[in-house]
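Visitor: Have a look at this prediction, sequence included:
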Amino acid sequence: MALPQMLSAAEAYLEEAGARRTVLPVIQPADPFLDMAGEDLRRRIFLTESETGKALCLRPEFTIPVCLKHLQERPLEPIRYGLCAQVFRQHRDGDSEFFQAGIEDLDTEDAIAADARALADAAGLVARLRGTGEGLHITLGDQAVFAAILEALGLPGGWQMRLLRAFGQPDALANALNVLSGREAPAVTQDSRVADLLSSGDDAALVAHIEVSMAGSGISPMAGRRPEEIAARLKERAALAATRLPDDALAALERFIALRVPLAEAGRALTAFEGKAEIDVTERIELFAARIEAIRLAGIDPGTVTYDAAFGRPLDYYTGLVFEVGLEGHERPLASGGRYDRLLTLLGAERPIPGVGFVAWLDRIEVLEAGR
Amino acid sequence: MSGGTITLALPSKGRLKEQAMGVLRAAGYNVREPADSRQYRASVEGMDGLEIAFLSASEIARELGAGTVDLGVTGEDLVRESLPAWDEKVAIEARLGFGRADVVVAVPDCWFDVRTMADLDDVAAHFRAGHGRRLRIATKYWRLTQEFFSQRHGIQVYRIVESLGATEGAPAAGSADVIVDITSSGSTLHANDLRVLDDGVILESEACLVANRRSLAGDKGERMGQIAASIRAMVSETA
């Protein structure tokens, strides 16, 4: 299928899937992207400035603009937005404009059903555009399982956050585990006065000392980090420095990260893991198993899906399911998606609004098919 | 002689200029300065195929990248900052041992709890929840900062605030929380109550002899190689 046919086929698929066809402006305010995805994105987006100095960019993706639209229009019911358009990103070599098609499902309460539908639609769209579902392979991960395990292991809150942040980045995660297990342990502070105040337990004196230092440097306690905040983190770090990740917890986490099994066996593998680690994450495993069932009912053969326990995205708003649809022997995914329940809150939603979505890379599919 | 005149760019003023000329002289290249100090070209005694161009250090990095000069003396920080994919365009032929300065990550002294990049990662991750905005970094080194924070340390959630001068004053002015800046002795940072993180040295920079790779691969390459070799030999002798 050539690209123009592919675009019509994608639009037809989105309509059949019941998504609301949505057109987003090509030119978008740049700040939400830089704020949410971070400065690293700056190298990859096409930035420009309005006449009044406002930072603008060419739409690098759909999720953030769709969420902003949803927040602005405040619809009363859940909406599944159907997108089919170009996105623009700089690559050192290769193209910088891509056609993508996908669905962003906002505010659907039944997360299991919405997850399964997103996965089925992603695989269905790719199969439609290729003319066949053969050879497709899905990799699936779920940060919520990792989060539940961290909690069940009884790790301190600060450690849980740190490990969660590193989830999906193998090097960073290994590094964090090294530090927490005491294989590398930097001291809390190099300031002896602060160290004394910390060990004396006099919180008021500690805060006062930080206030004096801050004032002495001419830094306003209102402009950024507050003295209380620095004192609280010092105390948290001091408490953590006195303990270390127990060997059995470390072993359990390393075993979990290495888990990679066919989805059909994932429930059993997680239960076996739970037993061996002597923790209770049954509730989360049941939710995971229910989603496997929902995925099966949505028409996906679990035999084509691999559960990779360590698979995640290094963005703080992806909170649960992530997946990629690819073809055996090809590294780059043809579609990818995930659940981003934290994104709308970060963008200013007054109440929690769940979201899950995916996009398919039409150009990649076209190149692949042309080469067949 | 083949390939035409080689252009060697030198810093146009100050200590860097004197030191660069000194290194060249010691290596046997005596730069004949123009009588008119507004003149930005010069020649080298007894060297017909070599021309000197005086430019600002940051211009030298850019022109080396573009290939409008063949060789140049400039800071490694400027090469890495101003040229995307710098090592595909230029090659560092010699480290000259002067103009030493580090590009560093520095935080206010009163951030007693932040010693390492891992600490800063922690603070950055919670910043938005506590302050309604991302952690702000003041710097004129956009590229080096992004590479160090995003690629090396996996820190994604921060914003860069462009700083065109007096970066060290940004935390006190309230325009940024931390800075990435260049420092030679650390005294400016110290005077502004800023502290370099234990693992916060992004780059140990010094003045370098840098060559454009296309020129190196072309007809002038052999003669450029000879110039680089004699400067390298001189530097290692005096080191």
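Guide: Everything's here; your move.
Visitor: tell me which residues in stretch B:135-153 are buried?
Guide: B:135-150, B:153 (16 or more other Cβ atoms under 10 Å in any protein chain shown). For the C-beta atoms, the positions are set from N, CA and C on the backbone; glycine is no exception.
Visitor: I misspoke; the intended subject was stretch B:161-168.
Guide: By neighbour count with 16+ other Cβ under 10 Å, stretch B:161-168 contains the buried residues B:S163, B:T167, B:E168.
Visitor: list the contacts for the first one?
Guide: Shown here is B:S163, whose contacts under the criterion Cβ atoms under 8 Å, 6 or more residues apart in numbering or on different chains are B:A138, B:T139, B:K140, B:A170, B:S175, B:A176, B:I179.
Visitor: Please apply the same query to the last one.
Guide: Neighbour list for B:E168: B:A106, B:I179, B:D181, B:T188, B:L189, B:A191, B:N192, B:L194 [criterion: Cβ under 8 Å, 6+ apart].
Visitor: List buried residues within these.
Guide: Buried among these by 16+ other Cβ under 10 Å: B:A106, B:I179, B:D181, B:T188, B:L189, B:N192, B:L194.
Visitor: Take the residues you listed and keep only those in strands.
Guide: B:A106, B:I179, B:D181, B:L194 (DSSP state E).
Visitor: Let me have the buried ones among the contacts of B:E168 in JSON lines, adding pLDDT as columns.
Guide: Converted to JSON lines, the buried ones among the contacts of B:E168 look like this (pLDDT from 0 to 100):
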{"residue": "B:A106", "pLDDT": "97"}
{"residue": "B:I179", "pLDDT": "97"}
{"residue": "B:D181", "pLDDT": "95"}
{"residue": "B:T188", "pLDDT": "90"}
{"residue": "B:L189", "pLDDT": "94"}
{"residue": "B:N192", "pLDDT": "94"}
{"residue": "B:L194", "pLDDT": "96"}
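Visitor: Also near chain A: which of those, exactly?
Guide: B:N192 (Cβ under 8 Å from any Cβ of the partner chain).
Visitor: Spell out for me which residue occupies the centre of chain A.
Guide: A:Y318 (2.4 Å; Cα atoms, centre = their mean).
Visitor: so where do the helices sit in chain B?
Guide: B:14-26, B:57-66, B:76-82, B:86-89, B:117-131, B:142-146, B:170-173, B:187-191, B:213-217, B:221-238 (DSSP state H).
Visitor: separation between A:V126 and A:Q100?
Guide: As judged by Cβ to Cβ, to the nearest Å, A:V126 and A:Q100 stand 12 Å apart.
Visitor: Between those two, tell me which one has more neighbours.
Guide: More crowded of A:V126 and A:Q100, by other Cβ atoms under 10 Å in any protein chain shown: A:V126, with 27 against 20.
Visitor: give the contact list for the most centrally placed residue in chain B.
Guide: For chain B, B:D77 is the residue whose C-alpha lies nearest the centre (Cα atoms, centre = their mean; 2.2 Å). Applying Cβ under 8 Å, 6+ apart, we find B:D77 in contact with B:A101, B:V103, B:Y141, B:L144, B:I182, B:L203, B:S205.
Visitor: so what's it closest to, chain neighbours aside?
Guide: B:S205 (4.0 Å; Cβ to Cβ, 6 or more residues apart in numbering or on different chains).
Visitor: didn't the one you found look like it was pressed against B:R100?
Guide: Yes - with contacts counted by Cβ atoms under 8 Å, B:S205 reaches B:R100, the gap being 7.2 Å.
Visitor: Look at these two and report which has more neighbours.
Guide: Neighbour comparison, B:S205 and B:R100: the larger count goes to B:S205, with 22 against 14 (by other Cβ under 10 Å).
Visitor: separation between the more buried one and chain A?
Guide: 21 Å (Cβ to the nearest Cβ, to the nearest Å).
Visitor: lowest average confidence, helix or strand, in chain A?
Guide: When the helices and strands of chain A are scored by mean pLDDT, DSSP states H and E, helix A:170-180 comes last with a mean of 82.
Visitor: In it, which of the residues would be classed as buried?
Guide: A:A172, A:L173, A:N175, A:A176, A:L177, A:V179, A:L180.
Visitor: What strand or helix carries A:Q86?
Guide: Here A:Q86 is covered by strand A:79-88, with elements defined by DSSP states H and E.
Visitor: After that strand, heading C-terminal, what element do we hit next?
Guide: strand A:97-106.
Visitor: Can you give the distance of that following strand from its chain's centre?
Guide: 16 Å (Cα atoms, centre = their mean, to the nearest Å).
Visitor: Kindly calculate the angle that it makes with strand A:79-88.
Guide: Put simply, strand A:97-106 runs at 160 degrees to strand A:79-88, going by axes from the mean of the first three to the mean of the last three Cα atoms, to 10 degrees.
Visitor: buried ones in strand A:97-106?
Guide: Quick answer for strand A:97-106 (16+ other Cβ under 10 Å): A:F98, A:F99, A:Q100, A:A101, A:G102, A:I103, A:E104, A:D105, A:L106.
Visitor: Next one: the second one from chain B, what distance?
Guide: Just to be clear, that refers to A:F99. A:F99 is 26 Å from chain B, by Cβ to the nearest Cβ.
Visitor: what sits against that residue?
Guide: A:L3, A:M6, A:L7, A:C84, A:A85, A:Q86, A:W361, A:L362, A:D363.
Visitor: which residues does the closest residue in space to A:R128 that isn't next to it in sequence contact?
Guide: Nearest non-adjacent residue to A:R128, counting by Cβ to Cβ, 6+ apart: A:Y13, 5.1 Å away. The contact partners of A:Y13, by Cβ under 8 Å, 6+ apart, come to A:A101, A:G124, A:L125, A:R128, A:L129.
Visitor: The last one contacts A:I365, doesn't it?
Guide: Yes - with contact taken as Cβ under 8 Å, A:L129 and A:I365 are classed as touching, separated by 5.0 Å.
Visitor: Present the helices of chain B as TSV; the columns should include distance to A:P65.
Guide: Below are the helices of chain B laid out as TSV (distance: least, Cβ to Cβ, whole Å):
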stretch	distance to A:P65
helix B:14-26	47
helix B:57-66	35
helix B:76-82	32
helix B:86-89	34
helix B:117-131	20
helix B:142-146	23
helix B:170-173	31
helix B:187-191	41
helix B:213-217	41
helix B:221-238	50
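Visitor: looking at those, which one has the lowest mean pLDDT?
Guide: Lowest mean pLDDT within the helices of chain B: helix B:117-131, a mean of 88.
Visitor: What about B:G225, how many residues nearby?
Guide: With other Cβ under 10 Å as criterion, B:G225 counts 13.
Visitor: Once you drop chain neighbours, what's closest to it?
Guide: Counting by Cβ to Cβ, 6+ apart, B:G225 lies nearest to B:L216, which is 7.4 Å off, once chain neighbours are set aside.
Visitor: To what extent is that neighbour buried, counted in neighbours?
Guide: That count, for B:L216 with other Cβ under 10 Å as the rule, works out to 18.
Visitor: returning to what we had before: please tell me the pLDDT value assigned to the residue nearest to A:R128.
Guide: 97.
Visitor: and if you look at A:S50?
Guide: Each residue has a pLDDT score; the one for A:S50 is 90.
Visitor: what's the spacing between it and A:F88?
Guide: Applying Cβ to Cβ to A:S50 and A:F88 gives a distance of 17 Å.
Visitor: Who has more neighbours out of the two?
Guide: A:F88 (18 against 10).
Visitor: and the gap between the more buried one and B:S163?
Guide: 28 Å.
Visitor: A:Q72 now?
Guide: 33 Å.
Visitor: Pipe the contacts of B:E168 into CSV and attach distance to A:A242 per row.
Guide: Formatted as CSV, the contacts of B:E168 follow (distance: Cβ to Cβ, whole Å):
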residue, distance to A:A242
B:A106, 29
B:I179, 32
B:D181, 35
B:T188, 37
B:L189, 32
B:A191, 36
B:N192, 34
B:L194, 30
